[in-house]
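Visitor: Build me a structure from this.
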Amino acid sequence: MHPAPSIILFTTLSGLGYGLAAMLGLGLLDPAHIATKLAHVVALALISAGLLSSTAHLGNPQRAWRALSQWRSSWLSREGVMAIATFVPLTWSAWLAVIEGRYFWLPGLLGMAMSLFTVFCTAMIYASLKSVQAWHTRLTPACYLLFAIAGGLMIALFVAACSGAVERLLPAGALAALAAAWAVKVKWRMRMRELAPLSTQESATGLGYLGSVRLFERPHMTENYLTREMGFRVGRKHAAKLWKIAVSFGAVVPAMLLLVLMVWAQGGMAGALIAGLALAAFSAGLLAERWLFFAEARHAVMNYYGG
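Guide: Numbering: from 1, shown residues only. Just a heads-up that it's a prediction; the model follows:
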């Protein structure tokens, strides 16, 4: 599948934003502190930036509103509806924190639940596609949710460090979520690499009874939507290098820095610097992971194009 930058930014930024919103909804940070107030604004900004970037992938962005009408059958539509609805409790919580300096459990917990469900809807857009065998698994929404939670905890940790107070429980929770996310991701990738294609050129054409089927000539000479969006290929060497980069930046470096914060729980400039570096490394690794998520996926329609 084509790893469109707009979709990569959408899934990454919105996931981090919803993860942070979920952590703020739990009331883990002091709403009276200026850093927490800014965190509410950052969460809304990340979500908004992610949703706006997704419209760049649409052929006719002005018609995006029509997707909301198919919520009974489409996960894409459900995601759009949930994304809009979730702004209500998140904006309510942000108002209480920024203007009144207090936390109220009702919009907080409601915003947390709706944020995580929106991430689930995003993941199900891909997991529901039987035509992309690598995505069609329960591990896909598990990865999206765990990465969102891990990212949210790491941003919350950075905010806490900027506030001057880092308890060992927060970096420990972030480390646990990080380990769980990458453990599930490794399992997801192992499954993908071991998959035996359910759809082949023989089954797609119905000519398998005659023997092996090969492409004699492409259906057309120029590119079309299918070859552009679903015919992307990445070399094994490049994929292997990017996977190492994703794991190194997204898992190993943040884990080491989180361990430092667990042992040396301290806020201020030093704590904020360590937490910020962990967050930056995680974000870089997550971008590489999302690129591979799309680039390595194979759509069944490419059977008709010799893929």
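Visitor: need the helices for this protein, in chain order.
Guide: For the chain, the helices defined by DSSP state H cover 5-25, 34-54, 75-95, 105-127, 139-163, 169-194, 201-205, 225-230, 236-247, 253-263, 268-295.
Visitor: what distance separates the first one from the centre of its chain?
Guide: It refers to helix 5-25. Averaging C-alpha positions (Cα atoms, centre = their mean, to the nearest Å) puts helix 5-25 7 Å from its chain's average.
Visitor: do you know which of the helices of the chain lies nearest S212?
Guide: Across these, the minimum distance to S212, taken as Cβ to Cβ, is reached by helix 201-205, at 7.1 Å. Every C-beta, even on glycine, is put in place using the N, C-alpha and C of the backbone.
Visitor: same question for that closest one, mean pLDDT?
Guide: Taken as a whole, helix 201-205 carries a mean pLDDT of 67.
Visitor: Likewise for stretch 21-41?
Guide: Confidence for stretch 21-41, expressed as mean pLDDT, is 93.
Visitor: and Y305, which of the helices of the chain is closest to it?
Guide: Taking Cβ to Cβ, helix 225-230 is the member of the helices of the chain nearest to Y305, at 6.2 Å.
Visitor: In contact with V253, which residues?
Guide: For V253, the residues meeting the contact criterion (Cβ atoms under 8 Å, 6 or more residues apart in numbering) are 277-278, 281-282, 285.
Visitor: Pretty sure L157 sits against A172.
Guide: No - the pair L157 and A172 does not pass the contact test of Cβ atoms under 8 Å, sitting 10.1 Å apart.
Visitor: Comparing these two, which residue is more hemmed in?
Guide: Summary of the neighbour comparison: L157 and A172, criterion other Cβ atoms under 10 Å, with L157 having more neighbours (30 against 16).
Visitor: if we can go back for a sec, same list (the helices of the chain) but as a markdown table, adding distance to V301.
Guide: Supplementary listing: these in a markdown table, determined by distance: least, Cβ to Cβ, whole Å:
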| stretch | distance to V301 |
| --- | --- |
| helix 5-25 | 18 |
| helix 34-54 | 22 |
| helix 75-95 | 18 |
| helix 105-127 | 16 |
| helix 139-163 | 19 |
| helix 169-194 | 18 |
| helix 201-205 | 8 |
| helix 225-230 | 6 |
| helix 236-247 | 21 |
| helix 253-263 | 37 |
| helix 268-295 | 15 |
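Visitor: Distance check, K241 against W291.
Guide: 12 Å (Cβ to Cβ, to the nearest Å).
Visitor: neighbour-wise, which of the two wins?
Guide: With other Cβ under 10 Å as the criterion, K241 and W291 differ in neighbour count, and W291 comes out ahead with 21 against 12.
Visitor: With adjacent residues omitted, what lies nearest to that one?
Guide: Spatially, and ignoring its direct neighbours in sequence, W291 is nearest to P3 (4.8 Å; Cβ to Cβ, 6 or more residues apart in numbering).
Visitor: sorry, back to before: please name whichever of the helices of the chain is nearest to Q133.
Guide: Comparing the helices of the chain against Q133 with Cβ to Cβ, the closest turns out to be helix 169-194 (8.2 Å).
Visitor: Give the buried residues for the closest one.
Guide: Of all the residues in helix 169-194, those buried under the rule 16 or more other Cβ atoms under 10 Å are 170-175, 177-178, 180-182, 184-185, 188-189, 192.
Visitor: Mind giving me the packing neighbours of that helix?
Guide: Judged by 3 or more Cβ pairs under 8 Å, 6 or more residues apart in numbering; DSSP states H and E, the packing partners of helix 169-194 are helix 139-163, helix 253-263.
Visitor: Pick the most deeply packed of the ones you listed.
Guide: Burial of these is given as mean neighbour count (mean count of other Cβ atoms under 10 Å); helix 139-163 ranks first at a mean of 25.
Visitor: Which strands or helices does that helix pack on?
Guide: For helix 139-163, the packing partners by 3+ Cβ pairs under 8 Å, 6+ apart are helix 5-25, helix 34-54, helix 105-127, helix 169-194, helix 253-263, helix 268-295.
Visitor: Could you export the ones you listed to JSON lines, including columns for distance to C162?
Guide: As requested, those are exported to JSON lines (distance: least, Cβ to Cβ, whole Å):
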{"stretch": "helix 5-25", "distance to C162": "14"}
{"stretch": "helix 34-54", "distance to C162": "4"}
{"stretch": "helix 105-127", "distance to C162": "20"}
{"stretch": "helix 169-194", "distance to C162": "13"}
{"stretch": "helix 253-263", "distance to C162": "13"}
{"stretch": "helix 268-295", "distance to C162": "5"}
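Visitor: Please identify the deepest-packed of those helices.
Guide: It is helix 5-25: most buried of those by mean count of other Cβ under 10 Å, with a mean of 25.
Visitor: All set now, cheers.
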